[in-house]
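1. Take this sequence and fold it.
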Amino acid sequence: MQIVECVPNFSEGRDRGVIDAIAGSIARVAGVRLLDVDPGEATNRTVMTFVGPPAAVSEAAFAAIEAAARLIDMRSHTGAHARQGATDVCPFVPVAEVGMDECVALARELGARVGGQLGIPVYLYEQAATRPERRSLQVVRAGEYEGLAEKLATPEGAPDFGPAAFNARSGATAVGARKFLIAYNINLNTRDVRIARAIAWRIRDSEGPIRGPDRTLVRDEAGTLVKAPGRFEHCKATGWTIEEYGCAQVTMNLTDWEVTPIHAVFDACCELAEEQGARVTGSEIVGLVPRGPLLAAGAHYLRRQGLSPGAPAGEVIRVAVRSLGLSDVAPFDPARKVIEDVLIDPGALVERRLSSFTEATSAGTPVPGGGSAAAVSGALSASLVAMVANLAAESRKTPAGRRARLGRVAERAQVLREWMLAAVDQDSRAYDEVVKAGRMPRKSDADKDARSAALARATAHAARVPFSVLERTVELLEMSRQLIDDGLESSLSDAGVAALEAAAAAEGAHYNVLVNLPGFADQVEADELNNRACLLLDRTHHLANEVRSIVLERLLTSSSGC
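-> Residues are numbered from 1 along each chain as shown. Presented below is the predicted three-dimensional model:
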C-alpha cells in the first residue's frame, strides 16, 4: 500500500478550538489517519502529522490549509518560532511504496491549488523547489511574516504559485517534499538563552543567511569574514528559552538523520554545555519519529556500555529514551510517538497471542495459511540467530575482536525478525486481494478484461511476497552457519535450530511461489521468477545440509546420542 506522510505546521498553538477545527478538517478525509497533534504554547505553533494514500493526503492537506486560512489571522500572531504564514510549512514525506518524485508532484499540485483557489502565495522548498536557492526552508522563510510584503514586491521574492501580493491575514505557505525531518530540542539546566545559542552556533550547519551575532564567523585567506562550517550537516539550530519548561533549549531540525543522527548531536551538546558551565538535562522530540533514529541511538549507547546492540527493538528503544532523556519534560511513550508503533493494526495476525494465531490458522479458512506460516518460521529463525549472537557478543569467553562482529549479526537478525513478522500479514493480505479480484463481475467483455488484469496483478503480488521471504532465508542460513563457528558451544543446538527454521521457511515460501506462477499474465516474468526461486532454494539446501552435518557431528561427539 502506498503511504505518504504530511507534517503541516500551523501558526496557532494556544487556541484549542482553532487547533481542533484544523485537525478535524484532516480527520474527515476518507483514507487519512491523523497520527499526532502537537501544540506549543511558547512557540504558538502546532505540528500535525497524518498519513494515507497520496491522493487522500493531498486532499487533507488542502482542507487543513483552507481551514487555517479561515481561522488564523497572522496580523495578531506572536511566538518564539520562525514563521511566515497561517500554514507555515506543508511538507510531503515518502513512507511506503512511494518515491520522492511522487511527493514532489504532490507538492507542486497542492501548491498550484492553494495559490489558485485560496489566493495564498506559495513557495516550493526542499526537493520540490524549482530554484536551487529555495531548497533551504531557512532561505525561503527569510524575513518571516513581517518582511513578507517587501519580499513579494521584488522579482526574487515572487512565489511559485499564487499572487505576488501580500495576504495580510494568511501570509505565505511553503510546500515541499523532503526526507523525514526530526524536530529535536535539547534541554539545559539554565534559563540563559545565550548559552543555548552559543551551543547552537557550534553544532548547526553553515547553510542559510547569518542572522544576528554569530560566533562562528572567521576570516578566510583573503581576510574576509565568512561563516565557518558547523559541526553537523543537515542541522538547523538556534537557542531559545521555554518558560513553561523553565529552561533554555537548543532547538533544531535534523533534515537527514542518517547523516546526522540524534545521538551524535546530543553527545556534542553535552560536551559543549560543559564548556559553558551548564549541563544537558534531557531532550524532546516534537511530533512523531521513525524507529530508525531511536534504534541507531539505542545501539550507540549499548555499544558504549560494552553490550550487544542486537537486543530486541523494544529494549533498544528503551535504552535510547533513557540515554537521551526523552522523558525529561514530558513522558515519551513509543506507542504514541514512534510512527511504526502508532500504525500497528491491533487486528494484525502478528499482534495476536501465539495460541490465538495457531487457532486462527487451524480454522477452516484459507488465511492465515502456508505462506504466513513460512514467514513465522523465518521470524523464529531470526530470533534464534539474534539470541545466539547476543549471548556470544556479551560473553567473556568470546575474543574481544569477535564481539563487534557478533553484535552486527544480532542487529541484522532483529531487522530480519521484524521483516518476517510483517510478511505474515502481507501474505494473508495478498491472498485476500486474489480472492477479491476473483469476485469481480464478469457480465461484459470489459468486466472480464478488468477482472483478468486485476487477477494477474494480485497473483503476481501473491507470488512476490513469499519470494521475498525465500530471499531472506538465505541470509538467515548464512548467519546460522557463521554462528556455528563464532557462537558459544553451549548455543550450538540453538544455531542448528535457527538453520532448520530458516530451511523450513525457505521450502514453505517456495511452495507459495510455485502455486501462484500459473496465474501470471506474463509467462516470461513467471519463468524468470521461477528460475530465481530455484537458485535460491538450491543455496538454502546447501547451507542447511552443511549446518546440520556440523551440528550433528559435534553434538554426537559430546554425547551418546543416536
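
2. Show me where the stretch 201-350 of the chain has its helices.
-> Assigned by DSSP state H, counting those that start in this stretch, the stretch 201-350 of the chain shows helices spanning 262-275, 291-304, 313-324, 334-337, 339-342.

3. Toward the C-terminus, what is the element adjacent to the last one?
-> Using DSSP states H and E, the helix or strand that directly follows helix 339-342 along the chain is helix 354-362.

4. what helices or strands is that next one leaning on?
-> Under the contact definition 3 or more CB pairs under 8 Å, 6 or more residues apart in numbering; DSSP states H and E, helix 354-362 sits against helix 370-393. C-beta: built from backbone N, CA, C; applies to glycine.

5. chain center to the helix it packs on, what's the gap?
-> From the chain centre to the centre of helix 370-393 is a distance of 23 Å (CA atoms, centre = their mean, to the nearest Å).

6. Now do that helix against helix 354-362: the angle between them, please.
-> Put simply, helix 370-393 runs at 150 degrees to helix 354-362, going by axes from the mean of the first three to the mean of the last three CA atoms, to 10 degrees.

7. Quick one: mean pLDDT for helix 370-393?
-> The pLDDT scores in helix 370-393 average 96.

8. cool, and stretch 316-328?
-> Stretch 316-328 comes out at a mean pLDDT of 96.

9. Please spell out which residues along it are buried.
-> If you call a residue buried by 16 or more other CB atoms under 10 Å, then stretch 316-328 has these buried ones: V316, I317, R318, V319, A320, V321, S323, L324, G325, L326, D328.

10. Looking at these, which two lie furthest apart in space?
-> Using CB to CB, the pair of the buried residues of stretch 316-328 lying farthest apart is V316 and D328, separated by 19.6 Å.

11. pLDDT weak spots in the chain?
-> 1, 206-229, 559-562 (pLDDT under 70).

12. Could you pull up the residues touching A382?
-> For A382, the contact set (CB atoms under 8 Å, 6 or more residues apart in numbering) comprises A413, Q414, L416, R417, M420, L476, A498.

13. you'd agree the fifth one is in a helix?
-> Yes: secondary structure of M420 (DSSP: H, G, I helix; E, B strand; the rest coil): part of a helix.

14. helices or strands up against the longest helix seen in the chain?
-> Looking across the chain with DSSP state H, the single longest helix is helix 445-486. In terms of contacts (3+ CB pairs under 8 Å, 6+ apart), helix 445-486 is packed against helix 370-393, helix 400-438, helix 492-514, helix 523-557.

15. For A129, which of those helices is the nearest?
-> So among the helices and strands packed on helix 445-486, helix 400-438 is nearest, using CB to CB, at 33.4 Å.

16. got a list of contacts for stretch 68-79?
-> By CB under 8 Å, 6+ apart, the surrounding residues in contact with stretch 68-79 are 10-13, 18, 21-22, 42-45, 83, 85-87, 118, 120, 145, 168-171.

17. residues of it that come out buried?
-> Residues A68, A69, L71, I72, M74, H77, G79 are the ones in stretch 68-79 that count as buried (16+ other CB under 10 Å).

18. same deal with stretch 47-61?
-> 47-54, 56-61.

19. Just give me the closest of those residues to A463.
-> Nearest to A463 among these: P53, at 23.9 Å, using CB to CB.

20. Does the closest one touch V29 like I think?
-> No: look at P53 against V29 with CB atoms under 8 Å: they stay out of range, at 10.4 Å.

21. and the residue nearest the centre of the chain, what does it touch?
-> Nearest residue to the geometric centre of the chain (CA atoms, centre = their mean): P290, 3.6 Å. Listed by CB under 8 Å, 6+ apart, the contact partners of P290 are F180, V338, I339, E340.

22. Look up how far P94 lies from it.
-> Noted for P290: a distance of 12 Å to P94, by CB to CB, to the nearest Å.

23. N390 too?
-> Taking CB to CB, one finds N390 at 33 Å from P94.

24. Tabulate the CA atom coordinates of the biggest strand by length in the chain in PDB.
-> With secondary structure taken from DSSP state E, the chain has its longest strand at strand 87-96. C-alpha atoms of strand 87-96 as PDB (Å, rounded to 0.1, in the frame of the first residue of the first chain):
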ATOM      1  CA  THR A  87       0.000  27.400   7.400                       C
ATOM      2  CA  ASP A  88       3.700  28.000   7.700                       C
ATOM      3  CA  VAL A  89       5.000  24.800   6.000                       C
ATOM      4  CA  CYS A  90       3.400  21.700   4.500                       C
ATOM      5  CA  PRO A  91       5.900  19.000   3.500                       C
ATOM      6  CA  PHE A  92       5.200  15.600   2.000                       C
ATOM      7  CA  VAL A  93       7.300  12.700   3.100                       C
ATOM      8  CA  PRO A  94       7.500   9.300   1.300                       C
ATOM      9  CA  VAL A  95       6.900   6.400   3.800                       C
ATOM     10  CA  ALA A  96       6.000   3.200   1.900                       C
END
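
25. Report the buried residues of that strand.
-> Of the residues in strand 87-96, those buried (16+ other CB under 10 Å) are T87, D88, V89, C90, P91, F92, V93, P94, V95.

26. How many neighbouring residues does I120 have?
-> 26 (other CB atoms under 10 Å).

27. related to what we said a few turns ago, go through the contacts of P290 and name the one nearest V280.
-> Using CB to CB, the contacts of P290 come closest to V280 at V338, 22.4 Å.

28. ok, so of the buried residues of stretch 316-328, who is nearest G306?
-> V319 (13.1 Å).

29. Now for that closest one: which residues touch it?
-> If a contact means CB under 8 Å, 6+ apart, then V319 has A297, G298, Y301, L302, A311 as its contacts.

30. Need these in a markdown table (columns: neighbour count and distance to G401).
-> Formatted as a markdown table, the contacts of V319 follow (neighbours: other CB atoms under 10 Å; distance: CB to CB, whole Å):
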| residue | neighbour count | distance to G401 |
| --- | --- | --- |
| A297 | 25 | 25 |
| G298 | 26 | 23 |
| Y301 | 19 | 22 |
| L302 | 22 | 18 |
| A311 | 23 | 21 |
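
31. Tell me how far V250 lies from D341.
-> V250 is 27 Å from D341, by CB to CB.

32. Between these two, which has more neighbouring residues?
-> Between V250 and D341, counting by other CB under 10 Å, V250 is the more crowded of the two (31 against 16).

33. which residues does that one contact?
-> When contacts are counted by CB under 8 Å, 6+ apart, V250 touches N185, I186, L188, A196, I199, A200, I203, A237, T238, G239, C269.

34. Quickly list what the spatially closest residue to it that is not a sequence neighbour is bridged to.
-> Excluding its sequence neighbours, the residue lying closest to V250 (CB to CB, 6 or more residues apart in numbering) is I186, at 4.4 Å. Assessed by DSSP bridges, I186 has beta-bridge partners V250, S283.

35. give me every residue that touches F10.
-> F10 touches I19, I22, R45, T46, M48, A64, A68, I72, A86, T87, D88, counting by CB under 8 Å, 6+ apart.

36. Only the C-alpha atoms, please, for stretch 428-447, written as CSV.
-> In CSV, the C-alpha atoms belonging to stretch 428-447 read as follows (Å, rounded to 0.1, in the frame of the first residue of the first chain):
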residue,chain,number,x,y,z
SER,A,428,-2.6,-13.0,4.1
ARG,A,429,-3.5,-9.7,2.6
ALA,A,430,-2.0,-10.7,-0.8
TYR,A,431,-4.3,-13.8,-0.8
ASP,A,432,-7.3,-11.6,0.1
GLU,A,433,-6.5,-9.4,-2.9
VAL,A,434,-6.6,-12.5,-5.2
VAL,A,435,-10.0,-13.5,-3.8
LYS,A,436,-11.3,-10.0,-4.2
ALA,A,437,-10.1,-9.9,-7.8
GLY,A,438,-11.7,-13.3,-8.5
ARG,A,439,-15.1,-12.0,-7.3
MET,A,440,-15.1,-9.0,-9.7
PRO,A,441,-18.1,-9.0,-12.2
ARG,A,442,-17.9,-11.0,-15.4
LYS,A,443,-21.0,-9.8,-17.2
SER,A,444,-19.4,-7.9,-20.1
ASP,A,445,-16.2,-8.3,-22.1
ALA,A,446,-14.9,-5.1,-20.4
ASP,A,447,-15.8,-6.7,-17.0
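
37. Noted, bye for now.
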